[in-house]
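1. Sharing a model prediction with you, sequence too.
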Amino acid sequence: MAEPAGVMQRLLEELTRLPGIGPKSAERIAHFLLSGDRHHAIGLADALRAVAEKIRPCRECFNLTDRDLCPVCADPKRDAGVICVVETPRDVTAFERAGSFRGLYHVLGGRLAPLDGVGPERLTLGALAQRTRRGGVREVILATSPTLEGDGTALFASNLLAGTGVSVTRLARGLPSGASLELANAQMLADALEGRRTF
Ligand SMILES: [Zn+2]
């Protein structure tokens with residue numbers, strides 16, 4: 001068995017890996033979890049294990065879900081003719097929170113970054129092309145971030161979808177350049193969707 005100091009140290013190390021948690025916050029959380037009865041600590045450990053084991057990419061759109069199909073893809077009321085292409089599952093959350101989009105999503109899993117070695121094969125671009133060619137899709141909205149890499153990814157995707165007969169559009173520039181979608185408020189996202197233009 002590890003030394004008490006050893007297990008505590010391991011907890012602190014794991015906590016400081018979390019975004020926004022520095023050494024002081026990590027200590028505060030660790031002491032909170034270990035104070036009094038331990039049901040918070042056990043509950044947190046169970047929840048972490050459950051998400052780590054059960055959450056996976058949706059078979060259709062690659063959004064994170066604990067099912068085969070995510071709730072958006074499984075919803076028959078959504079418009080399957082429009083696919084909004086985003087970089088991460090957090091972007092899906094931003095759009096869903098804004099509530100103005102009724103189509104389906106496609107999560108790329110990042111954006112092209114040739115300098116960092118992220119080529120097309122690292123993203124779900126092939127699956128996007130397959131989905132689009134399968135039929136029933138009228139429009140693909142490229143909602144990658146308004147950054148150099150986001151624009152490059154959108155351009156690559158639009159070339160990939162050229163000749164499919166599907167309308168390819170890009171979000172309007174209502175979003176501050178360089179900003180991520182998750183920081184945009186509901187109105188900004190609605191405006192960007194409304195003002196989208198043909199690629
Ligand atoms: Zn899905």
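-> Happy to help now that I have it.
2. The longest helix seen in the chain packs against which elements?
-> The longest helix of the chain (DSSP state H) is helix 39-54. When contacts are defined as 3 or more C-beta pairs under 8 Å, 6 or more residues apart in numbering; DSSP states H and E, helix 39-54 sits against helix 23-34. For the C-beta atoms, the positions are set from N, CA and C on the backbone; glycine is no exception.
3. Name the surrounding residues that touch the helix it packs on.
-> 8, 11-12, 15-16, 21, 40-41, 44 (C-beta atoms under 8 Å, 6 or more residues apart in numbering).
4. closest to Asp151 among these?
-> Lowest distance from Asp151 to the contacts of helix 23-34 (C-beta to C-beta) belongs to Ile21, with 32.6 Å.
5. what about the strands in this protein?
-> Along the chain, the stretches classed as strands by DSSP state E are 56-57, 64-65, 79-86, 103-107, 139-142, 167-170, 197-198.
6. out of the contacts of helix 23-34, which are buried?
-> 11, 15 (16 or more other C-beta atoms under 10 Å).
7. Which two of the contacts of helix 23-34 have the greatest separation?
-> Farthest pair in those, by C-beta to C-beta: Thr16 and His40, 19.0 Å.
8. Enumerate the residues of this structure near the ion.
-> Residues of the chain lying near the ion by C-beta under 5 Å from the ion: 58, 60-61, 63, 70, 73.
9. contact partners of the least confident helix or strand in the chain by mean pLDDT?
-> Least confident helix or strand, the chain: helix 186-194 with a mean of 83, by mean pLDDT, DSSP states H and E. Here helix 186-194 makes contact (C-beta under 8 Å, 6+ apart) with 94-95, 97-101, 141, 143, 171-175, 181, 184.
10. returning to what we had before: closest one of the contacts of helix 23-34 to Leu125?
-> For the contacts of helix 23-34, the nearest to Leu125 is Ile21 (33.7 Å; C-beta to C-beta).
11. Disregarding residues adjacent in the polypeptide, which is nearest to the residue positioned nearest the centre of the chain?
-> Against the mean C-alpha coordinate of the chain, by C-alpha atoms, centre = their mean, the closest residue is Pro89 at 1.7 Å. Distances taken as C-beta to C-beta, 6 or more residues apart in numbering put Leu64 closest to Pro89, at 4.6 Å, once the chain neighbours are dropped.
12. In the record's domain split, what are the boundaries for the chain?
-> The record's domain parsing of the chain by automatic domain parsing lists 4-54, 58-198.
13. Between the two ends of the longest one, how far is it?
-> Between the opening and closing residues of domain 58-198 there is a gap of 28 Å (C-alpha to C-alpha, to the nearest Å).
14. of all the residues of the chain next to the ion, which two lie farthest apart?
-> Of all pairs drawn from these, the greatest distance, 8.5 Å, lies between Glu60 and Asn63 (C-beta to C-beta).
15. shared neighbours, the two?
-> Between them, Glu60 and Asn63 have 70, 73 as joint contacts when contacts are counted by C-beta under 8 Å, 6+ apart.
16. neighbour count winner among those two?
-> Shown here are Glu60 and Asn63; by other C-beta atoms under 10 Å, Asn63 has more neighbours (23 against 20).
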